[in-house]
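A.B. asks: Pasting the sequence and the predicted coordinates here, then a few questions.
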Amino acid sequence: MRVMFVYGAFENLGIEYLSAVLKSHHHTTRLALDPLLFDDPFLRLPPLARFFDHQKSLIREIAEFGPGLLAFSVPSCYYKKALSLANAVKRILPSVHVTFGGIHPTAVPETVLENDCVDSVVLGEGEYPLLELADCLGRGRLDTAIRNIWFRQAGGIVKNPVRPYISNLDELPYPDKGLYYDILPRYRKGYTVITRRGCTGGCSYCCLNVWHALYPGQPRIRIRGIENVIRELREAKERYNFTQLRINDDLFTYDKNWLRDFAKEYKRHIGTPVWCFTSPAYVDEEVVRSLEKMSCRQVCLGIQSPVRALRERILHRYVDNEKNTRAIQLLKAAGIRCLVDTIMGFPGETEDDLVETARYYNETRPDRICIFWLIYYPRTPLVEMAKGMGVLDETQCARLECEPTHLANTIPDRRRYLRKIQFHWLLLLIHFVPRRWGKWFIDKRAYRFLPKWSPSPLEALFTAVARDRLDIPRKRYYVRYWHFMKKRFSREHIFPKKDSVVSGAAGTRR
């Protein structure tokens, strides 16, 4: 069976695992990568996005491959584009089975299956459900009783139960990196891995709440064996000779004993500089020593808000500022670059809250503040909270099932919205000025004179040109734009073969 995955812009380890499982059972896989130039979560410039739109190229690529199963991995931000592409493909390949998986279809499967272009939805972990779907399609007989999959049928929706989590992650084959590396060979220099799945937290805004509701009573975090992870990295090092490692776990330092033993093996067998993610709740002296041992050069901490009332009442995060500050200090003292994630635009957020946020980061001085504007995702606790506070109405809540709502759509007061943009600028500038200058800027409320237009395009430009040897996403951002902009102006794109889509449209190949 030919299976083609569709995804937008970024490397997706989930798709790589799905592909590896399918290939281990003799299916053929390929990836259609939508580059989302000037239309990704970090940079949206609609005129340029329309000019560099790759939908026609993607349709041609899918038609030429002739898949029997077309699998979309769909975060909320990609849902509308995924539907548009699926509709276009169905017109050319009407017999192809289109399935949607990922967090958005898992959250709102009924809404997704209202679309004629979607034949099924995979809920939760998809490795074995997708394999069973590919197997039955390959035999020419659709099995509508596959657990974790809902099917759209003439008589309605067939809703199947969810199987338990994969308890032993070591049983899975290693992710199929060739899906991405065949398209973007320069991605090989930075390897991305996960050593565990899940998160212990219950943050109100996080899509993992959907996962927790789908798998009640099951462990929230599952960890791979050290030997299994090291073997994957040794094989990848030999094959790709990567020079940087990005560990994509939500809480890499969750288990101190596992981390200590892993650091020893990593130092012995790999030794490549590391970037990882964790929470300040799981950072102490022992953890930092382990990170130092394994050549960790950069850690991203999820703080989200230093304002206690917002952090606890709105976000449901209960790590206090003393712990947050201590984590930043320990990492910086060890010579490990410290990045912090912070979110702006919470319901009930005031200018005083933003001032407190600026003061905190001006004092603690992390190496970089990664600023995100709040996005409401369907079926998360924050949506009900915002609804109760009058921030979202019924119409907006209904829209969430089709597209996430950006902060700009939930602040009727234009002046308040523009003030938040000025604080966005302030948090960016704090990194570049001495502490006393930052304090003066805040005390004198000089942020009122900062620009009232979004700094996001400049942030994205900085991401593309910054020469930070440790930052895999920045490098890949540049590589993606360079590769697909060249492709956009290539002779093959400007003068496509007229029969390429027609030949692929004759039918799907199993």
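C.D. replies: Yep, it's here.
A.B. asks: contacts, neighbours, all on C-alpha from now
C.D. replies: Will do.
A.B. asks: contact partners of the strand or helix carrying residue 87?
C.D. replies: In the assignment (DSSP states H and E), residue 87 maps to helix 79-92. Residues from elsewhere that reach helix 79-92 (C-alpha atoms under 8 Å, 6 or more residues apart in numbering): 55, 59, 62-63, 72, 74, 96, 98, 104, 117-118, 402-403, 505.
A.B. asks: For residue 97, list the residues it contacts.
C.D. replies: Shown here is residue 97, whose contacts under the criterion C-alpha under 8 Å, 6+ apart are 68, 69, 70, 118, 119.
A.B. asks: Point out where the stretch 301-450 of the chain drops to low pLDDT.
C.D. replies: 404-410, 412 (pLDDT under 70).
A.B. asks: how about a cut-off of 80?
C.D. replies: Low-confidence segments of the stretch 301-450 of the chain, defined by pLDDT under 80: 403-413.
A.B. asks: And the strands in it?
C.D. replies: 337-344, 368-373, 375-376, 405-406 (DSSP state E, counting those that start in this stretch).
A.B. asks: Which residues does the longest one contact?
C.D. replies: With C-alpha under 8 Å, 6+ apart as the test, strand 337-344 has contacts from 297-305, 328, 331-332, 366-374, 420.
A.B. asks: burial of residue 166, as a residue count?
C.D. replies: When neighbours are defined as other C-alpha atoms under 10 Å, residue 166 has 14 of them.
A.B. asks: Buried among the contacts of helix 79-92? Need that as a selection in PyMOL.
C.D. replies: Selecting only the buried entries of these in PyMOL, with 16 or more other C-alpha atoms under 10 Å as the criterion:
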select buried, resi 55+59+62+63+72+74+96+98+104+117+118+402+403+505
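A.B. asks: Which single one of the contacts of helix 79-92 is nearest to residue 38?
C.D. replies: residue 55 (13.9 Å; C-alpha to C-alpha).
A.B. asks: how much space between the closest one and residue 361?
C.D. replies: The spacing between residue 55 and residue 361, counted by C-alpha to C-alpha, to the nearest Å, is 42 Å.
A.B. asks: Kindly report the same for residue 44.
C.D. replies: Residue 44 sits 27 Å away from residue 361 when distances are taken as C-alpha to C-alpha.
A.B. asks: quick one: which of those two has more around it?
C.D. replies: residue 361 (20 against 16).
A.B. asks: For the more buried one, list the residues it contacts.
C.D. replies: Applying C-alpha under 8 Å, 6+ apart, we find residue 361 in contact with 427, 430.
A.B. asks: Please apply the same query to residue 357.
C.D. replies: 305, 306, 307.
A.B. asks: Then residue 38?
C.D. replies: 44, 45, 46, 48, 49, 52.
A.B. asks: Tell me the predicted confidence for the residue lying closest to the fifth one once chain neighbours are set aside.
C.D. replies: Meaning residue 49. Excluding the flanking residues, the one nearest residue 49 by C-alpha to C-alpha, 6 or more residues apart in numbering is residue 38, at 4.9 Å. With respect to pLDDT, residue 38 has a value of 88.
A.B. asks: what about residue 38, distance to residue 457?
C.D. replies: Applying C-alpha to C-alpha to residue 38 and residue 457 gives a distance of 9 Å.
A.B. asks: do residue 366 as well
C.D. replies: For residue 366, the distance to residue 457 - C-alpha to C-alpha - is 22 Å.
A.B. asks: Over to residue 351?
C.D. replies: On the measure of C-alpha to C-alpha, residue 351 and residue 457 end up 24 Å apart.
A.B. asks: Between those two, tell me which one has more neighbours.
C.D. replies: Legend: neighbour count by other C-alpha under 10 Å for residue 351 and residue 457, higher for residue 457 (15 against 12).
A.B. asks: my read: that one touches residue 41, true?
C.D. replies: No: counting by C-alpha atoms under 8 Å, residue 457 stays clear of residue 41, with 11.1 Å between them.
A.B. asks: those strands in the stretch 51-200 of the chain, which residues are they?
C.D. replies: Taking DSSP E, counting those that start in this stretch as the test, the strands found in the stretch 51-200 of the chain are 69-73, 97-101, 120-122, 149-153, 156-159, 190-193, 196-198.
A.B. asks: Show me which residues of the fifth one are buried.
C.D. replies: In other words, strand 156-159. Buried residues in strand 156-159, defined by neighbour count with 16+ other C-alpha under 10 Å: 157, 159.
A.B. asks: Neighbouring strands - and their directions - for that strand?
C.D. replies: Here strand 156-159 has these sheet partners by DSSP bridges: strand 149-153 (antiparallel).
A.B. asks: Need the phi and psi values for residue 218.
C.D. replies: Dihedral pair for residue 218: phi -100, psi 150, per degrees, to the nearest 10.
A.B. asks: What of residue 22?
C.D. replies: phi -60, psi -40.
A.B. asks: Let me know how buried it is, in neighbour terms.
C.D. replies: When neighbours are counted by other C-alpha under 10 Å, residue 22 registers 25.
A.B. asks: how close does it sit to residue 317?
C.D. replies: 38 Å.
A.B. asks: next one: residue 378
C.D. replies: In terms of C-alpha to C-alpha, residue 378 sits 19 Å off from residue 317.
A.B. asks: who's more crowded, these two?
C.D. replies: Between residue 378 and residue 317, counted using other C-alpha under 10 Å, the more crowded position is residue 378 (27 against 18).
A.B. asks: Go ahead and confirm the more buried one touches residue 396.
C.D. replies: No: with contact defined as C-alpha under 8 Å, residue 378 does not count as touching residue 396 (10.5 Å).
A.B. asks: give me phi/psi at the residue at the greatest distance from the centre of the chain?
C.D. replies: Centroid-distance maximum for the chain: residue 444 at 38.0 Å, with C-alpha atoms, centre = their mean. Main-chain dihedrals, residue 444, degrees, to the nearest 10: phi -90, psi 0.
A.B. asks: got the residue ranges for the helices in the stretch 251-400 of the chain?
C.D. replies: Remark: helices assigned in the stretch 251-400 of the chain by DSSP state H, counting those that start in this stretch are 256-269, 285-293, 308-309, 321-333, 351-364, 381-388, 394-399.
A.B. asks: Count the neighbours of residue 274 for me.
C.D. replies: Residue 274 has 23 neighbours, counted by other C-alpha under 10 Å.
A.B. asks: Local confidence estimate at it?
C.D. replies: Taking residue 274 on its own, its pLDDT is 96.
A.B. asks: for the one 4 residues further on, same thing?
C.D. replies: With respect to pLDDT, residue 278 has a value of 97.
A.B. asks: residues in contact with it?
C.D. replies: 249, 250, 251, 252, 253, 254, 299, 300, 301, 302.
A.B. asks: Correct me if wrong: the first one contacts residue 195.
C.D. replies: Yes: contact status for residue 249 versus residue 195: in contact at 6.5 Å, counting by C-alpha under 8 Å.
A.B. asks: residues near the nearest residue to residue 287 once chain neighbours are set aside, how many?
C.D. replies: Once flanking residues are discounted, residue 287 sits nearest to residue 256: 6.3 Å by C-alpha to C-alpha, 6+ apart. Counted with other C-alpha under 10 Å, residues neighbouring residue 256 total 17.
A.B. asks: Likewise for residue 153?
C.D. replies: By other C-alpha under 10 Å, the residues close to residue 153 number 12.
A.B. asks: For it, list each beta-bridge partner.
C.D. replies: Counting by DSSP bridges, residue 153 is bridged to residue 156.
A.B. asks: so who does residue 367 touch?
C.D. replies: Listed by C-alpha under 8 Å, 6+ apart, the contact partners of residue 367 are 337, 338, 339, 431.
A.B. asks: give me the beta-bridge partners of the first one?
C.D. replies: Going back to what we said before, that points to residue 337. When bridges are called by DSSP bridges, residue 337 pairs up with residue 298.
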